[in-house]
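Participant: Any chance you can model this:
(one chain, ligands or ions: 1)
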Amino acid sequence: MADRPLTLMAVHAHPDDEASGTGGVLARYAAEGIRTVLVTCTDGGCGDGPGGTKPGDPGHDPAAVAAMRRKELEASCEVLKVSHLEMLDYADSGMMGWEANDAPGSFWRTPVAEGAARLAELLRRYQPDVVVTYDENGFYGHPDHIQANRITMAALELTGMTPKVYWTTAPRSMMQRFGELMREFGGDWEEPDPAEAAEMPEIGLPDEEITTWVDTTAFGSQKFDALAAHASQGENIFFLRMGKERFTELWGVETFLRVQDGTGAALPENDLFAGLR
Ligand SMILES: [Zn+2]
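Facilitator: Numbering: from 1, shown residues only. Next comes the predicted model:
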(Lines give C-alpha, C1' and ligand atoms only; values in the text may rest on other atoms or scores of the structure.)
Protein backbone atom coordinates (compact mmCIF):
# COMPACT_ATOMS: atom_id res chain seq x y z
CA MET A 1 0.00 0.00 0.00
CA ALA A 2 0.95 3.67 -0.07
CA ASP A 3 3.95 4.94 1.92
CA ARG A 4 1.72 6.93 4.25
CA PRO A 5 -0.74 6.00 6.96
CA LEU A 6 -4.33 5.17 6.07
CA THR A 7 -6.19 8.41 6.60
CA LEU A 8 -9.72 9.43 7.50
CA MET A 9 -10.82 13.02 6.88
CA ALA A 10 -14.06 14.30 8.39
CA VAL A 11 -15.40 17.64 7.16
CA HIS A 12 -17.74 19.26 9.67
CA ALA A 13 -19.52 22.59 9.96
CA HIS A 14 -19.24 23.59 13.63
CA PRO A 15 -17.22 22.81 16.73
CA ASP A 16 -19.16 19.90 18.36
CA ASP A 17 -20.39 18.26 15.13
CA GLU A 18 -17.26 16.08 15.14
CA ALA A 19 -18.35 14.64 18.48
CA SER A 20 -22.07 14.21 17.92
CA GLY A 21 -21.82 13.13 14.28
CA THR A 22 -18.63 11.11 14.01
CA GLY A 23 -17.14 10.85 17.50
CA GLY A 24 -17.39 7.07 17.36
CA VAL A 25 -15.56 6.55 14.09
CA LEU A 26 -12.93 9.18 14.92
CA ALA A 27 -12.16 7.42 18.21
CA ARG A 28 -12.34 3.92 16.77
CA TYR A 29 -10.12 4.51 13.77
CA ALA A 30 -7.56 6.45 15.81
CA ALA A 31 -7.39 3.41 18.12
CA GLU A 32 -6.79 1.23 15.05
CA GLY A 33 -3.76 3.34 14.10
CA ILE A 34 -5.46 5.26 11.32
CA ARG A 35 -4.55 8.93 10.93
CA THR A 36 -7.60 11.11 11.55
CA VAL A 37 -7.98 14.63 10.17
CA LEU A 38 -10.83 16.88 11.26
CA VAL A 39 -11.73 19.91 9.16
CA THR A 40 -14.10 22.30 10.95
CA CYS A 41 -15.45 24.91 8.55
CA THR A 42 -16.90 27.58 10.86
CA ASP A 43 -16.01 29.24 14.13
CA GLY A 44 -19.31 28.39 15.84
CA GLY A 45 -19.90 32.06 16.70
CA CYS A 46 -23.70 31.65 16.46
CA GLY A 47 -23.68 29.09 19.25
CA ASP A 48 -24.77 29.66 22.83
CA GLY A 49 -22.72 32.12 24.85
CA PRO A 50 -21.91 31.95 28.56
CA GLY A 51 -25.04 31.38 30.62
CA GLY A 52 -26.90 30.10 27.57
CA THR A 53 -27.20 33.50 25.86
CA LYS A 54 -28.35 33.28 22.24
CA PRO A 55 -27.11 35.29 19.25
CA GLY A 56 -28.66 38.77 19.35
CA ASP A 57 -29.17 38.63 23.14
CA PRO A 58 -27.39 41.27 25.18
CA GLY A 59 -24.05 39.85 26.25
CA HIS A 60 -23.72 37.45 23.30
CA ASP A 61 -20.40 38.27 21.66
CA PRO A 62 -19.82 36.02 18.63
CA ALA A 63 -16.03 36.51 18.78
CA ALA A 64 -15.94 35.47 22.45
CA VAL A 65 -18.23 32.51 21.72
CA ALA A 66 -15.94 31.44 18.87
CA ALA A 67 -12.87 31.64 21.13
CA MET A 68 -14.60 29.56 23.80
CA ARG A 69 -15.75 26.99 21.26
CA ARG A 70 -12.29 26.68 19.79
CA LYS A 71 -10.99 25.63 23.21
CA GLU A 72 -13.84 23.15 23.50
CA LEU A 73 -13.04 21.77 20.06
CA GLU A 74 -9.40 21.29 20.97
CA ALA A 75 -10.43 19.44 24.13
CA SER A 76 -12.81 17.23 22.14
CA CYS A 77 -10.04 16.42 19.64
CA GLU A 78 -7.80 15.40 22.50
CA VAL A 79 -10.46 13.01 23.80
CA LEU A 80 -11.03 11.54 20.34
CA LYS A 81 -7.26 11.42 19.62
CA VAL A 82 -7.72 13.34 16.37
CA SER A 83 -4.32 13.53 14.68
CA HIS A 84 -4.81 16.87 12.90
CA LEU A 85 -7.35 19.64 13.42
CA GLU A 86 -7.78 22.11 10.55
CA MET A 87 -10.08 25.10 10.98
CA LEU A 88 -11.30 27.04 7.96
CA ASP A 89 -12.66 29.72 10.35
CA TYR A 90 -15.59 30.95 8.30
CA ALA A 91 -18.21 32.80 10.31
CA ASP A 92 -21.03 30.59 11.57
CA SER A 93 -24.11 31.32 9.40
CA GLY A 94 -26.71 30.51 12.07
CA MET A 95 -29.90 28.61 11.37
CA MET A 96 -31.66 28.91 8.01
CA GLY A 97 -33.40 32.28 7.72
CA TRP A 98 -31.22 34.09 10.27
CA GLU A 99 -29.66 37.42 9.32
CA ALA A 100 -26.27 35.83 9.99
CA ASN A 101 -26.80 33.77 6.80
CA ASP A 102 -25.82 36.81 4.75
CA ALA A 103 -23.34 38.49 7.09
CA PRO A 104 -19.93 39.24 5.58
CA GLY A 105 -17.59 36.27 5.96
CA SER A 106 -20.41 33.82 6.66
CA PHE A 107 -19.79 30.33 5.41
CA TRP A 108 -23.16 30.23 3.66
CA ARG A 109 -22.34 33.37 1.67
CA THR A 110 -18.87 32.13 0.71
CA PRO A 111 -18.75 31.03 -2.92
CA VAL A 112 -18.53 27.23 -3.09
CA ALA A 113 -15.50 27.46 -5.38
CA GLU A 114 -13.61 29.50 -2.80
CA GLY A 115 -14.25 27.10 0.08
CA ALA A 116 -13.59 24.15 -2.22
CA ALA A 117 -10.19 25.53 -3.23
CA ARG A 118 -9.13 25.76 0.41
CA LEU A 119 -10.38 22.27 1.17
CA ALA A 120 -8.71 20.90 -1.97
CA GLU A 121 -5.39 22.09 -0.56
CA LEU A 122 -6.02 20.00 2.56
CA LEU A 123 -7.07 16.99 0.47
CA ARG A 124 -3.78 17.17 -1.43
CA ARG A 125 -1.79 17.55 1.77
CA TYR A 126 -3.38 14.65 3.67
CA GLN A 127 -4.39 12.35 0.78
CA PRO A 128 -7.30 10.79 2.71
CA ASP A 129 -8.47 7.29 1.84
CA VAL A 130 -11.88 8.01 3.34
CA VAL A 131 -13.75 11.33 3.45
CA VAL A 132 -16.87 11.86 5.54
CA THR A 133 -19.26 14.80 5.41
CA TYR A 134 -23.00 15.52 5.48
CA ASP A 135 -25.64 14.74 2.88
CA GLU A 136 -26.97 17.39 0.50
CA ASN A 137 -29.54 18.52 3.06
CA GLY A 138 -26.87 18.87 5.73
CA PHE A 139 -28.72 16.11 7.59
CA TYR A 140 -31.32 18.53 8.99
CA GLY A 141 -31.11 21.61 6.80
CA HIS A 142 -28.54 23.78 8.59
CA PRO A 143 -26.96 26.09 5.98
CA ASP A 144 -23.41 25.46 7.21
CA HIS A 145 -23.90 21.71 6.99
CA ILE A 146 -25.26 22.04 3.46
CA GLN A 147 -22.29 24.22 2.53
CA ALA A 148 -19.86 21.68 4.04
CA ASN A 149 -21.36 19.06 1.72
CA ARG A 150 -21.06 21.39 -1.27
CA ILE A 151 -17.45 22.41 -0.74
CA THR A 152 -16.42 18.82 -0.02
CA MET A 153 -17.95 17.43 -3.20
CA ALA A 154 -16.54 20.36 -5.23
CA ALA A 155 -13.08 19.98 -3.68
CA LEU A 156 -13.01 16.28 -4.54
CA GLU A 157 -13.86 17.14 -8.11
CA LEU A 158 -11.16 19.82 -8.23
CA THR A 159 -8.47 17.41 -7.10
CA GLY A 160 -9.69 14.43 -9.11
CA MET A 161 -8.96 12.34 -6.02
CA THR A 162 -11.07 9.22 -5.52
CA PRO A 163 -11.22 8.30 -1.85
CA LYS A 164 -14.21 6.45 -0.47
CA VAL A 165 -16.73 9.18 0.29
CA TYR A 166 -19.51 8.95 2.86
CA TRP A 167 -22.39 11.11 3.97
CA THR A 168 -23.49 10.79 7.59
CA THR A 169 -27.05 9.61 8.04
CA ALA A 170 -29.38 8.03 10.58
CA PRO A 171 -31.67 5.04 10.19
CA ARG A 172 -35.35 5.94 10.49
CA SER A 173 -35.76 3.18 13.09
CA MET A 174 -33.29 5.06 15.25
CA MET A 175 -35.01 8.42 14.73
CA GLN A 176 -38.10 6.81 16.26
CA ARG A 177 -36.14 5.68 19.32
CA PHE A 178 -34.63 9.17 19.46
CA GLY A 179 -38.11 10.71 19.70
CA GLU A 180 -38.99 8.36 22.57
CA LEU A 181 -35.82 9.24 24.48
CA MET A 182 -36.38 12.96 23.86
CA ARG A 183 -39.75 12.69 25.57
CA GLU A 184 -38.33 10.59 28.39
CA PHE A 185 -35.45 12.96 29.12
CA GLY A 186 -37.47 16.13 28.71
CA GLY A 187 -35.66 17.71 25.81
CA ASP A 188 -37.44 20.85 24.65
CA TRP A 189 -38.31 19.15 21.45
CA GLU A 190 -41.81 19.10 20.10
CA GLU A 191 -43.41 16.83 17.57
CA PRO A 192 -43.00 18.70 14.30
CA ASP A 193 -46.17 20.26 12.94
CA PRO A 194 -47.33 17.73 10.30
CA ALA A 195 -47.85 20.51 7.73
CA GLU A 196 -44.35 21.89 8.30
CA ALA A 197 -42.86 18.42 8.40
CA ALA A 198 -44.38 17.62 5.03
CA GLU A 199 -42.47 20.50 3.48
CA MET A 200 -39.13 19.50 4.97
CA PRO A 201 -36.99 16.77 3.50
CA GLU A 202 -37.21 13.78 5.82
CA ILE A 203 -34.22 13.30 8.11
CA GLY A 204 -32.19 10.12 7.78
CA LEU A 205 -32.83 7.13 5.54
CA PRO A 206 -34.92 3.96 5.61
CA ASP A 207 -32.75 1.30 7.25
CA GLU A 208 -32.44 -0.75 4.06
CA GLU A 209 -30.92 2.19 2.16
CA ILE A 210 -28.07 2.65 4.63
CA THR A 211 -24.87 1.23 3.16
CA THR A 212 -22.53 1.36 6.12
CA TRP A 213 -23.06 0.55 9.80
CA VAL A 214 -20.00 1.03 12.00
CA ASP A 215 -20.14 -0.37 15.52
CA THR A 216 -18.46 2.13 17.82
CA THR A 217 -20.13 1.10 21.08
CA ALA A 218 -16.71 0.30 22.58
CA PHE A 219 -15.91 4.00 22.08
CA GLY A 220 -19.20 5.33 23.48
CA SER A 221 -17.48 6.67 26.56
CA GLN A 222 -14.97 8.66 24.49
CA LYS A 223 -17.74 10.00 22.27
CA PHE A 224 -19.69 11.07 25.36
CA ASP A 225 -16.63 12.77 26.86
CA ALA A 226 -15.93 14.55 23.57
CA LEU A 227 -19.48 15.89 23.54
CA ALA A 228 -19.10 16.83 27.20
CA ALA A 229 -16.19 19.05 26.14
CA HIS A 230 -18.86 21.10 24.31
CA ALA A 231 -21.12 21.49 27.34
CA SER A 232 -21.59 25.22 26.68
CA GLN A 233 -24.10 24.34 23.95
CA GLY A 234 -27.68 23.82 25.09
CA GLU A 235 -28.51 20.99 22.71
CA ASN A 236 -25.55 18.98 23.96
CA ILE A 237 -26.60 19.30 27.59
CA PHE A 238 -29.71 17.33 26.75
CA PHE A 239 -27.67 14.38 25.45
CA LEU A 240 -25.29 14.55 28.38
CA ARG A 241 -28.26 14.27 30.73
CA MET A 242 -28.89 10.76 29.35
CA GLY A 243 -25.71 9.39 30.90
CA LYS A 244 -23.13 7.30 29.10
CA GLU A 245 -25.09 4.07 28.94
CA ARG A 246 -28.24 5.43 27.27
CA PHE A 247 -26.18 7.75 25.11
CA THR A 248 -24.17 4.81 23.79
CA GLU A 249 -27.33 2.77 23.26
CA LEU A 250 -28.66 5.57 21.04
CA TRP A 251 -25.49 6.68 19.26
CA GLY A 252 -23.18 3.67 19.52
CA VAL A 253 -23.61 2.58 15.92
CA GLU A 254 -22.75 5.30 13.40
CA THR A 255 -24.34 5.04 9.98
CA PHE A 256 -23.35 6.35 6.58
CA LEU A 257 -24.32 6.42 2.96
CA ARG A 258 -21.42 5.47 0.70
CA VAL A 259 -21.51 7.83 -2.30
CA GLN A 260 -18.13 7.19 -3.90
CA ASP A 261 -16.06 4.04 -3.89
CA GLY A 262 -13.18 2.57 -5.80
CA THR A 263 -12.81 -0.62 -3.77
CA GLY A 264 -15.88 -2.62 -4.75
CA ALA A 265 -16.36 -3.64 -1.12
CA ALA A 266 -19.70 -5.45 -0.82
CA LEU A 267 -22.65 -3.58 0.69
CA PRO A 268 -23.86 -3.28 3.34
CA GLU A 269 -20.46 -2.95 5.00
CA ASN A 270 -19.49 -2.43 8.63
CA ASP A 271 -16.21 -0.58 8.17
CA LEU A 272 -15.42 2.71 6.39
CA PHE A 273 -12.09 1.16 5.41
CA ALA A 274 -13.54 -2.06 3.97
CA GLY A 275 -11.55 -2.90 0.85
CA LEU A 276 -8.68 -0.60 1.82
CA ARG A 277 -6.71 -2.81 4.20
ZN1 LIG B 1 -23.40 21.92 13.20
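
Participant: which residues touch Pro171?
Facilitator: Neighbour list for Pro171: 204-207, 210, 255 [criterion: C-beta atoms under 8 Å, 6 or more residues apart in numbering]. The C-beta positions use only the backbone N, C-alpha and C, and glycine is treated the same way.

Participant: same deal with Ser106?
Facilitator: Applying C-beta under 8 Å, 6+ apart, we find Ser106 in contact with 90-93, 100.

Participant: For the chain, give me the ranges with low pLDDT.
Facilitator: 1-2, 186-201 (pLDDT under 70).

Participant: In it, mark out all the helices, start to finish.
Facilitator: Along the chain, the stretches classed as helices by DSSP state H are 17-31, 62-80, 112-126, 138-141, 143-159, 172-185, 194-199, 220-228, 234-241, 243-251.

Participant: Provide the contact partners of the first one at residue level.
Facilitator: When contacts are taken as C-beta under 8 Å, 6+ apart, the neighbours of helix 17-31 outside the stretch itself are 8, 10, 12, 36, 38, 40, 73, 76-77, 79-83, 132, 134, 139, 145, 168, 214, 216-220, 222-223, 226-227, 229-230, 236, 239, 251-254, 272-273.

Participant: Quick check: Val79 vs the ion, distance?
Facilitator: According to C-beta to the ion, to the nearest Å, Val79 stands 18 Å off from the ion.

Participant: Report the closest residue of the stretch 1-150 of the chain relative to the ion.
Facilitator: His14 (3.6 Å; C-beta to the ion).

Participant: how many neighbours does that residue have?
Facilitator: For His14, the count of nearby residues is 27 (other C-beta atoms under 10 Å).

Participant: ditto for His145
Facilitator: The local packing of His145 (other C-beta under 10 Å) involves 27 other residues.

Participant: wait, isn't it in contact with Thr42?
Facilitator: No. Look at His145 against Thr42 with C-beta atoms under 8 Å: they stay out of range, at 10.0 Å.

Participant: which ones are touching the closest residue in space to Pro62 that isn't next to it in sequence?
Facilitator: The shortest distance from Pro62 to any non-neighbouring residue, by C-beta to C-beta, 6 or more residues apart in numbering, is to Gly45 (3.5 Å). Neighbouring residues of Gly45 by C-beta under 8 Å, 6+ apart: 55, 62-63, 65-66, 69, 91-92.

Participant: repeat for Ala13
Facilitator: Counting by C-beta under 8 Å, 6+ apart, Ala13 makes contact with 40-42, 107, 134, 138, 142, 144-145, 147-148.

Participant: Apply 6 Å and report the result again.
Facilitator: By C-beta atoms under 6 Å, 6 or more residues apart in numbering, Ala13 lies in contact with 41-42, 144-145, 148.

Participant: same thing with Ile203?
Facilitator: Ile203 is in contact with Tyr140, counting by C-beta under 6 Å, 6+ apart.

Participant: The ion contacts on the protein?
Facilitator: The chain comes close to the ion at residues 13-14, 17, as judged by C-beta under 5 Å from the ion.

Participant: which among the residues you listed gets closest to Asp3?
Facilitator: The closest of the residues of the chain next to the ion to Asp3 turns out to be Asp17 (C-beta to C-beta; 31.8 Å).
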